[in-house]
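Undergrad: Take a look and give me a structure for this.
(one chain, ligands or ions: 1)
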Amino acid sequence: MPTALVTGASDGIGTEFCYVLAERGYNLILVARRRKRLEDLKNHLTKDFGITCSAISHDLSKPGAARELFDSVSELDLTVDLLVNNAGLLQNGFFTDIDLATQENMIMVNIINLTALTHLYSKDMAERRSGHILNVASLTGIMPIPNQNVYAATKAFVLSFGRSLHNEMKAQRCNVIITTLCPGFTATKMMDNRGQGAKLAIPVAMMQSPRKVAEAGITGCLAGKDMVIPGIANRIISVVAGLLPNRFLVPALGRFYRANMKSYE
Ligand SMILES: NC(=O)c1ccc[n+]([C@@H]2O[C@H](COP(=O)([O-])OP(=O)(O)OC[C@H]3O[C@@H](n4cnc5c(N)ncnc54)[C@H](OP(=O)(O)O)[C@@H]3O)[C@@H](O)[C@H]2O)c1
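TA: Below is the predicted model:
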């Protein structure tokens, strides 16, 4: 049975990735900080799907965290066939109001340790001449987003990095697929989380279910796609955003985000 490692497995889209992969017969390595949630998920998945699960409580906002995780997985004598770099953080608000340590934390999780895990596992997979990596970016990665500026920029990095790496790995004929997933608004705690500055009050009707997003990501990755935008509405947004000049697009996005940004105080 193949094994998949999912970061950010304790909630939202990450938990759904685990169910989608378990249904497809993958053994799982669950990674996030909240141990209790990981242990509960592990027990469900083991019981319901008869797979083998390991839960690793790990903080990906620390420098060197990716290497430590890679070493812990190696010590368990597990080989990763599919890596899902899903853990991510968001901050809504004005750049100057959000403290620098919080912004750096987000860059560490969304970019630095995602890149490091991709490096460690793509090398390992290339040596074995087999593997899949699914990196979770966002639709925000295709456009500058005022009041989510650092978050959107981290996702632009993930998208650009993933698409170019997909081509490189293909040219090397090492049988390693890199896929980048760009979800739009998805109904998870990321849409309503006191820890991320302000809430973006988006109607539920405008959000996709995390299950649909996870299914689209895994299906696209296993089909060898370089990028997946889940849902027709998100694909239309991506086309329209690509056609509009930034001098019109960015002020319109700024007005939309500020009109819908609600403070928790
Ligand atoms: N929801 C959306 O609208 C949306 C849209 C586009 C893209 N995305 C992207 O999709 C991914 C998943 O988001 P989601 O909506 O499922 O968010 P979520 O419900 O807030 O879950 C985030 C996950 O990341 C983990 N995580 C956060 N900080 C971590 C850290 N320092 N170390 C290890 N794990 C950490 C959390 O677990 P612990 O707290 O237990 O550590 C949790 O499992 C993210 O990359 C996000 O940017 C989301």
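Undergrad: looking at the sheet around the closest residue to residue 162 other than its chain neighbours, what are its partners?
TA: In this structure, residue 162 finds its nearest non-sequential neighbour in residue 180, 3.4 Å apart by Cβ to Cβ, 6 or more residues apart in numbering. To be clear about C-beta, it is placed using only N, CA and C from the backbone, and glycine gets the same treatment. Counting by DSSP bridges, residue 180 forms beta bridges with residue 135, residue 227.
Undergrad: Neighbours of residue 180, how many?
TA: 29 (other Cβ atoms under 10 Å).
Undergrad: can you pull the contacts of it?
TA: 134, 135, 136, 137, 158, 159, 162, 163, 166, 226, 227, 228 (Cβ atoms under 8 Å, 6 or more residues apart in numbering).
Undergrad: So it versus the ligand, what's the distance?
TA: For residue 180, the distance to the ligand equals 11 Å [Cβ to the nearest ligand atom, to the nearest Å].
Undergrad: So what's the predicted local confidence for that residue?
TA: The model reports residue 180 with a pLDDT of 98.
Undergrad: Same question for residue 174.
TA: In this model, residue 174 carries a pLDDT of 97.
Undergrad: Just give me the neighbour total for it.
TA: The number of residues near residue 174, taken as other Cβ under 10 Å, comes to 18.
Undergrad: Not counting its neighbours along the chain, what's nearest it?
TA: Sequence neighbours aside, residue 126 is the residue nearest to residue 174 in space, at 4.0 Å (criterion: Cβ to Cβ, 6+ apart).
Undergrad: did I read that right, the one you found in a helix?
TA: Yes: under DSSP: H, G, I helix; E, B strand; the rest coil, residue 126 sits within a helix.
Undergrad: tally of neighbours for it?
TA: Around residue 126 there are 16 residues (other Cβ under 10 Å).
Undergrad: how much space is there between it and the ligand?
TA: In terms of Cβ to the nearest ligand atom, residue 126 sits 24 Å off from the ligand.
Undergrad: Any of the contacts of residue 180 buried? List them.
TA: Neighbour-count burial (16 or more other Cβ atoms under 10 Å) applied to the contacts of residue 180 gives 134, 135, 136, 137, 158, 159, 162, 163, 166, 226, 227, 228.
Undergrad: hang on, the last one packs against residue 222?
TA: In this case it means residue 228. No: contact criterion Cβ atoms under 8 Å: residue 228 and residue 222 do not qualify, at 10.8 Å.
Undergrad: thinking again about what came up before, put together CSV for the contacts of residue 180, with distance to residue 119 and pLDDT on each row.
TA: As requested, the contacts of residue 180 are exported to CSV (distance: Cβ to Cβ, whole Å; pLDDT from 0 to 100):
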residue, distance to residue 119, pLDDT
134, 15, 99
135, 12, 98
136, 17, 98
137, 17, 98
158, 14, 98
159, 17, 98
162, 13, 98
163, 16, 98
166, 15, 98
226, 18, 98
227, 20, 98
228, 22, 98
